[in-house]
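Chemist: Have a look; sequence and predicted model below, questions after that.
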Amino acid sequence: MRLPLTQPTVVMKLRLFLLLWLGASGTASAAEATLFRLYLTDGTMVVSYGEFARVGDRVVFSLLMGGGAEPRLHAATLPAAAIDWPRTDRHAASARQQWYAQTRGEEDFRRFSDEVATVLNSVVMTRDRTRALEMARHARATLADWPRDHYGYRQRDVREILTVLDEAIAAIRGAAGTASFEVALVAEAPVIPLEPVATMPGVREQVAQAFGVARLTESAAERVALYQAVLQLLTDDASVLPAALSAAEAASFRRIAETAIRSEQAIDARYSGMTKRVMTDATRAAARAQIGDVQRVLDRIPREDTRLGRKRPEIVQALHASVQGQIDAARRLRLLRDQWIIRRSLYFDYQRSVGTQMLQLARSQPALEAIRRLDGPAPETLVTLQSRLKGGAERLERVVPPADLRLTHELLLGAWRFAETAINGRYAAARSADVDAAWGASSSAAGALMLLSRAQQELRALLEPPQLQ
């Protein structure tokens, strides 16, 4: 059932809209990737295979480096400041629009037109004038947005269709008795002046572009990789070179790339030597907590860099950070050594107060080892050890250690108690010939030896000046 409107021109205009919308036709040509030109501020140009990306102060793109029908790509970067952005952006917008028009544009346009046509047909057929007006307004908004979201494709056609649709909406309003009138202002997609599309560069152009990018990039590793890619291009594509380059040109390019690689390697070697010298001096001074000497090493880096020609900013930056880290480490070490000097007398006093007990435990180690192995010692030795260790735990408990030696003192006290348990347990096991009791004594002896070893290590560490970690 058609919508009963008093103005027959409304139906005619909506049908005309459908005819205009569906009348567009075209074919899409296949393209595997869009080629973009990156125009540089020095007047040269580089071709990017596919989209490029601006990340901070760098531009990342794929550089064509041979491969014939199946392009071989090399990931490359350029400083963003080296790009002529107004010209590059204009060309990129043109390339995207033309690529879209040749590949997906017509298909997307036709699919979208089918969807909108279905909606508009419902507008014509519905009895509900209010609903018809709502659907028409929605269709108009969708139409107005489409070119802006699709690189301005067929924007002129859509603009003409919108004019017809606006007249139809006005007529539906009148038929529905709606007196209000709305004007929807929609920003159109900017008109993009079309430029010639980029084409696949030949071998000579690829080599020239690789050399140009290598000249501008700040990374030595990237420069060497680009020169190596040139050598690979001249080697792998040797069968097509005669048609693209003369033998003299190919040989010249090889010499340039090989000379550049040797030069970069020589620079790397010089900076590696400088880095080793600087870090050795900085580490040696930091180990002595000589902050001023480390600072002088840090101040030496710019002079060393200037002497080498300022060729490796990334190495110098990393070296500067490493030496600064050595300054921080030297400052921490100096504070730790000052702290140790303040507390040293407390440590030596503690060592003197527990020295007798530690000596007794140290002398008992052979016997404790024998108990751990279930291999003695003789009963008379056990009796002597019982007498020697008796009351030692109580004496240790009366000692008040410095705060940072509290854990060490607990280890020593635990070692003493384990030793007493082991000796008493071994003696009881010997009296009753009880193997299970002997195993229990063995476990206690192992605990005593372990805790004594840890206590000795920690006390020795505290009695020695702190070292650079």
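Modeler: Structure's in. What do you need? Residues are numbered from 1 along each chain as shown.
Chemist: Pull the contacting residues for residue 425.
Modeler: Contacts of residue 425 were listed using CB atoms under 8 Å, 6 or more residues apart in numbering, and they are 437-438, 440-441, 444. (Each C-beta comes from the backbone N, C-alpha and C, glycine too.)
Chemist: Go again with 6 Å.
Modeler: Neighbouring residues of residue 425 by CB atoms under 6 Å, 6 or more residues apart in numbering: 440-441, 444.
Chemist: Which of the residues you listed has the largest number of neighbours?
Modeler: Neighbour tally across those (other CB atoms under 10 Å): the maximum, 26 neighbours, falls on residue 441.
Chemist: helix, strand or coil for that residue?
Modeler: At residue 441 the chain is in helix, as set by DSSP: H, G, I helix; E, B strand; the rest coil.
Chemist: Show me what whatever helix or strand residue 349 lives in packs onto, helices and strands only.
Modeler: For residue 349, the host element (DSSP states H and E) is helix 313-372. With contacts taken as 3 or more CB pairs under 6 Å, 6 or more residues apart in numbering; DSSP states H and E, helix 313-372 sits against helix 247-287, helix 291-307, helix 379-389, helix 406-432, helix 435-463.
Chemist: now do 8 Å
Modeler: For helix 313-372, the elements it packs on are helix 247-287, helix 291-307, helix 379-389, helix 392-397, helix 406-432, helix 435-463, judged by 3 or more CB pairs under 8 Å, 6 or more residues apart in numbering; DSSP states H and E.
Chemist: what are the bridge partners for the most centrally placed residue in the chain, then?
Modeler: Geometric centre of the chain, nearest residue: residue 55, 12.4 Å, by CA atoms, centre = their mean. Residue 55 has these beta-bridge partners by DSSP bridges: residue 58.
Chemist: Need the pLDDT of it.
Modeler: pLDDT for residue 55: 90.
Chemist: Would you mind giving the secondary structure of residue 74?
Modeler: Under three-state DSSP, the three-state class of residue 74 is strand.
Chemist: roughly how far apart are it and residue 256?
Modeler: 17 Å (CB to CB, to the nearest Å).
Chemist: between those two, which one's more packed in?
Modeler: Using other CB under 10 Å, the more surrounded residue of residue 74 and residue 256 is residue 74, with 22 against 14.
Chemist: Confirm for me that the more buried one is in contact with residue 226.
Modeler: Yes. Between residue 74 and residue 226 there is a contact at 7.0 Å, judged by CB atoms under 8 Å.
Chemist: Find residues that contact each of these two.
Modeler: The contact sets of residue 74 and residue 226 overlap at 63, 210 (CB under 8 Å, 6+ apart).
Chemist: circling back: out of the helices and strands packed on helix 313-372, nearest to residue 352?
Modeler: Comparison of the helices and strands packed on helix 313-372 against residue 352 by CB to CB identifies helix 435-463 as nearest, at 11.5 Å.
Chemist: Just the pLDDT for the residue nearest to residue 213 when sequence neighbours are not counted.
Modeler: Distances taken as CB to CB, 6 or more residues apart in numbering place residue 76 nearest to residue 213, at 5.2 Å, with adjacent residues excluded. Note on residue 76: pLDDT of 93.
Chemist: can you tell which of the helices and strands packed on helix 313-372 is closest to residue 340?
Modeler: Closest among those, using CB to CB: helix 435-463, at 8.0 Å.
Chemist: Kindly provide the whole-number mean pLDDT of the helix holding residue 349.
Modeler: Mean predicted confidence for helix 313-372 is 90.
Chemist: Going forward, count from 37.
Modeler: Will do, 37 is the new start, and the previous item becomes helix 349-408.
Chemist: what is the orientation angle of it with helix 415-425?
Modeler: 120 degrees (axes from the mean of the first three to the mean of the last three CA atoms, to 10 degrees).
Chemist: In terms of helix, strand or coil, where does residue 79 fall?
Modeler: coil.
Chemist: Now it, what are its backbone angles?
Modeler: phi 90, psi -10 (degrees, to the nearest 10).
Chemist: From residue 248, how far off is it?
Modeler: 11 Å.
Chemist: same question, residue 91
Modeler: Residue 91 is 20 Å from residue 248, by CB to CB.
Chemist: Same question for residue 261.
Modeler: Distance from residue 261 to residue 248, by CB to CB: 15 Å.
Chemist: Ok, residue 121 next?
Modeler: Noted for residue 121: a distance of 17 Å to residue 248, by CB to CB.
Chemist: between those two, which one's more packed in?
Modeler: residue 248 (18 against 15).
Chemist: tell me the domain ranges of the protein?
Modeler: 44-76+120-212, 239-352, 380-499 (automatic domain parsing).
Chemist: want to throw those domains into JSON lines with distance to residue 367?
Modeler: What follows is the domains of the chain, written out as JSON lines (distance: least, CB to CB, whole Å):
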{"stretch": "domain 44-76+120-212", "distance to residue 367": "45"}
{"stretch": "domain 239-352", "distance to residue 367": "6"}
{"stretch": "domain 380-499", "distance to residue 367": "20"}
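Chemist: tell me, which of those is the model least confident about?
Modeler: Across the domains of the chain, domain 44-76+120-212 has the smallest mean pLDDT, namely a mean of 74.
Chemist: Is residue 82 located within a helix, as I assumed?
Modeler: No. Counting by three-state DSSP, residue 82 is not found in a helix; it is strand.
Chemist: residues touching it, list them.
Modeler: Counting by CB under 8 Å, 6+ apart, residue 82 makes contact with 73-74, 76, 97, 99, 114, 245, 248-249.
Chemist: Ranking by neighbours, what's the top pick from those residues?
Modeler: Tallying neighbours with other CB under 10 Å puts residue 74 at the head of those, with 26 neighbours.
Chemist: in the sheet, who's paired with that one?
Modeler: residue 82.
Chemist: does residue 69 count as helix, strand or coil?
Modeler: Relying on three-state DSSP, one would call residue 69 coil.
Chemist: Skip the chain neighbours and tell me the closest residue to it.
Modeler: residue 86 (4.6 Å).
Chemist: Same question for residue 321.
Modeler: Ranked by CB to CB, 6+ apart and with sequence neighbours excluded, the top spatial neighbour of residue 321 is residue 329, at 3.6 Å.
Chemist: Report how many residues lie close to the one you found.
Modeler: For residue 329, the count of nearby residues is 17 (other CB under 10 Å).
Chemist: How about the one 10 residues further on?
Modeler: The criterion is other CB under 10 Å. On that basis, residue 339 has 9 neighbouring residues.
Chemist: repeat for residue 433
Modeler: 11.
Chemist: Once you drop chain neighbours, what's closest to it?
Modeler: Per CB to CB, 6+ apart, closest to residue 433 is residue 449, 6.8 Å.
Chemist: Return the distance of the one you found relative to residue 164.
Modeler: 93 Å.
Chemist: and if you look at residue 97?
Modeler: Using CB to CB, residue 97 is found at 55 Å from residue 164.
Chemist: now do residue 189
Modeler: 34 Å.
Chemist: Repeat that for residue 425.
Modeler: From residue 425 to residue 164 the distance is 104 Å (CB to CB).
Chemist: Equivalent analysis for residue 266, please.
Modeler: 70 Å.
Chemist: Since that was my last question, I'll sign off now.
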